[in-house]
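> sequence below, structure please.
(one chain, ligands or ions: 1)
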Amino acid sequence: MDAPSLLNPERRMLKAMQTDVGRTWSLNEVLKACNWTDQAVAAAAGHGLTNHGMVETMEHVVRTVKAASEGLKAAQEGLLEQRLWSWIQSTESASMADLQSAFERHEAGPGVGLLKRLGVLLIDGTFQSDDPEHVGREIEQRATFIRGLPCSIETADSTMLEHFKSRRGLIEIAEQTTRTWSLTEAGAHLGGEHLEEKEAVSEITTELLQSEAWKDAEFRSFDVTLESASPRTGRSHPMQALIERVRAIFLEMGFSELVDDYVQTAGWNMDALFIPQDHPAREMQDTFYLENPASLPLPADLVKAWGDIHEHGGVTGSVGWGGAFSKATSEKGLLRTHTTVNTIQYLAAHPDEACRVFSVDRVFRKEAIDRTHLPEFHQIEGIIMEEGANLQMLVTTMKTFYAKMGCPEVRVRPAYFPYTEPSLEIEVKWRGKWLELGGAGIFRPEVTEPLGISTPVLAWGMGLERLAMLVLGLDDIRQLYISDLEWLRNQPIL
Ligand code: PHE
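So this is what the prediction gives:
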């Protein structure tokens, strides 16, 4: 057999073991004999030598019974049945009501169950036992067991072990694997000339290649099958990574990005979008109105134009909503409930330039937090204003976007928004089901005309977190924001 090419640590370990051929070496003995401190080095050398047939590895599993969280408490304060039993013994004609006032609910219930199994029963309204001595002995045996932890599973009382295994949180069984090594025939006889440690080259540098030294150098080989720690480097949060991807897609499709403030007026957030002033979504329970600024001034001509539209349709031919339009309601300060508040202002500022604009930004709604709702979330918003823009173009744009996000199956359904006509709901197929991801439509004349826009405007607003749930396969939206490091580390790179 050719002499195997050993790594330096393997050489050192084998040489050390050859000083006592018949011995079984423990980890500590190997560390000492090799003058190492790192257990991983010894384990890797032992593993390598075993692969080369020089050493035999023996594994021993040691199992230890330990006190778990409840067990640690019991060792200090006594077992639940122990505390209940001594309370019963020191209380005259202890009744259930007495017990319930002496112990907390989470203890009284399970405690009574434990006593019952020990033969302590409620008879004529008081706790009694036929054989109090037996109860005392049994309890003492349990307490002794718990106090005696940790102990090896071999020496543990098996009846007690079975008993405590069936109770929650009292004990746990820890396993530890230890390894020992002994020489094989081949290892014992491998000549000393193979065991000289050599300077091994682990990095090929230009200096090495330019000199002649590489000709005689020994190169370190890598065992790529060995276990190793996975490198942990910084990376974007999956939400941020997703936002970047959405951005890249819209930029690539020729859109420019719009960024604007959270704080807005009800006027731009709602009135400009022909949302009636008595619409339920405007109520306090759905929208975060601000105390500071409680109101923000709006230009009088703008408010007048919205008022005309809302009250009687202005010059659009619409009949409006009727009723009286309130300037004060319009000027209320709020946290934007949708990013449409920003695209509409962009249009007002550029009423006659064709455009493609998008934003990915945060919006606020007074939602109770649950599996699918958050009070702060993000919308993917966009508009296309262009001569000849039509519904088909809107649907194609949405389909193209989702296809680029990896969701090729998209369908639209009729929907209703006060500011678009027609209005659509966009749904994406995910694991065989259609999920609603957003709304879209063509802005109504009641929205565009007061702003002096006569070109058709396609608009949409979609939920980003919903899309994230789908891309990351989540069933709880909160997972995105709880900073669970373990989960974050295991997320795919988007
Ligand atoms: N703003 C709507 C929402 O918050 C979505 C939408 C945007 C609908 C633009 C139509 C046009 O859900």
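
> hey, let's count contacts and neighbours off CA atoms from now on
Noted.

> what sits against the residue nearest to Ala94 when sequence neighbours are not counted?
Among residues not flanking Ala94 along the chain, Thr126 sits closest, at 5.2 Å (Cα to Cα, 6 or more residues apart in numbering). Applying Cα atoms under 8 Å, 6 or more residues apart in numbering, we find Thr126 in contact with Ser93, Ala94, Ser95, Met96.

> got the confidence number for whichever residue of the stretch 1-150 of the chain sits closest to the ligand?
Nearest residue of the stretch 1-150 of the chain to the ligand, counting by Cα to the nearest ligand atom: His106, 45.6 Å away. pLDDT, His106: 90.

> what do you get for Asp2?
Reading off the confidence values, Asp2 has pLDDT 61.

> ok, back up a step: the residue of the stretch 1-150 of the chain closest to the ligand: neighbouring residues, count only.
Using other Cα atoms under 10 Å, His106 has 8 neighbouring residues.

> now for the strand or helix carrying it, which elements pack on it?
Element membership for His106 (DSSP states H and E) is helix 105-117. Applying 3 or more Cα pairs under 8 Å, 6 or more residues apart in numbering; DSSP states H and E, one finds that helix 105-117 contacts helix 80-90.

> hmm, who's touching the helix it packs on?
Against helix 80-90 from outside (Cα under 8 Å, 6+ apart): Ala74, Ala94, Glu107, Gly111, Leu114, Leu115, Phe127, Ile139, Glu140, Ala143.

> ok, the fifth one - how many residues close by?
So the one you mean is Leu114. Neighbour tally, Leu114, other Cα under 10 Å: 16.

> ok, the residue in the stretch 101-250 of the chain that the ligand sits nearest to - contacts?
Residue nearest to the ligand within the stretch 101-250 of the chain (Cα to the nearest ligand atom): Phe250, separated by 16.0 Å. For Phe250, the contact set (Cα under 8 Å, 6+ apart) comprises Ser256, Phe358, Phe401.

> ok so, going back, got a list of contacts for the helix holding His106?
Residues contacting helix 105-117 (Cα under 8 Å, 6+ apart): Leu80, Glu81, Leu84, Trp85, Leu99, Gln100, Leu121.

> then it to CSV, C-alphas only?
Taking Å, rounded to 0.1, in the frame of the first residue of the first chain, the C-alpha atoms of helix 105-117 are listed here in CSV:
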residue,chain,number,x,y,z
ARG,A,105,-55.1,28.7,39.6
HIS,A,106,-52.4,27.3,37.4
GLU,A,107,-51.2,25.3,40.4
ALA,A,108,-54.5,24.4,42.1
GLY,A,109,-55.9,22.5,39.0
PRO,A,110,-52.9,20.2,38.2
GLY,A,111,-52.1,19.9,41.9
VAL,A,112,-55.4,18.4,42.8
GLY,A,113,-54.9,15.9,39.9
LEU,A,114,-51.5,14.9,41.3
LEU,A,115,-53.0,14.4,44.8
LYS,A,116,-55.8,12.4,43.4
ARG,A,117,-53.4,9.9,41.8
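
> can I get the next helix or strand after it in CSV, CA atoms only?
Using DSSP H and E, the helix or strand that follows helix 105-117 towards the C-terminus is strand 120-123. These are the backbone C-alpha positions of strand 120-123, laid out as CSV (Å, rounded to 0.1, in the frame of the first residue of the first chain):
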residue,chain,number,x,y,z
VAL,A,120,-55.7,12.1,48.3
LEU,A,121,-59.4,12.7,47.6
LEU,A,122,-62.1,15.2,48.4
ILE,A,123,-64.5,13.4,50.8
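
> list the buried ones in strand 120-123?
Val120, Leu121, Leu122 (16 or more other Cα atoms under 10 Å).

> whichever helix or strand comes after it - which strands sit beside it in the sheet, and in what orientation?
Going down the chain from strand 120-123, the next helix or strand is strand 126-129, by DSSP H and E. Note on strand 126-129: by DSSP bridges, its sheet partners are strand 120-123 (antiparallel).

> list the contacts of the strand it pairs with.
Under the criterion Cα under 8 Å, 6+ apart, residues Ser95, Met96, Leu115, Phe127, Gln128, Ser129, Asp130, Val135 lie in contact with strand 120-123.

> quick one: contacts for Arg365?
Asp286, Thr287, Phe288, Thr337, Leu374, Pro375, Glu376.

> could you export the contacts of helix 80-90 as CSV, including distance to Asn35?
Compiled in CSV, the contacts of helix 80-90 are given as follows (distance: Cα to Cα, whole Å):
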residue, distance to Asn35
Ala74, 44
Ala94, 67
Glu107, 54
Gly111, 56
Leu114, 55
Leu115, 58
Phe127, 66
Ile139, 51
Glu140, 49
Ala143, 45
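
> per-residue confidence at the nearest residue to Arg142 once chain neighbours are set aside?
Among residues not flanking Arg142 along the chain, Met160 sits closest, at 6.8 Å (Cα to Cα, 6+ apart). As predicted, Met160 sits at a pLDDT of 96.

> next: Gln18.
At Gln18, the model reports a pLDDT of 96.

> just the strands in the stretch 301-450 of the chain please.
333-335, 355-364, 376-385, 410-417, 420-430, 433-443 (DSSP state E, counting those that start in this stretch).

> now do the stretch 101-250 of the chain
Under DSSP E, counting those that start in this stretch, the stretch 101-250 of the chain gives strands at 120-123, 126-129, 151-152, 171-183, 200-201, 218-219.

> now do the fifth one: distance to the chain's middle.
Centroid separation for strand 200-201 versus its chain: 43 Å, with Cα atoms, centre = their mean, to the nearest Å.

> repeat that for the longest one.
A distance of 33 Å separates the C-alpha centroid of strand 171-183 from that of its chain, computed with Cα atoms, centre = their mean.

> from the contact counts, what lies against it?
By 3+ Cα pairs under 8 Å, 6+ apart, strand 171-183 packs against helix 8-18, strand 25-26, strand 55-67, helix 69-77, helix 158-165.

> who wins for proximity to Phe364 among the ones you listed?
When those are compared by Cα to Cα, helix 69-77 sits nearest Phe364, at 41.6 Å.
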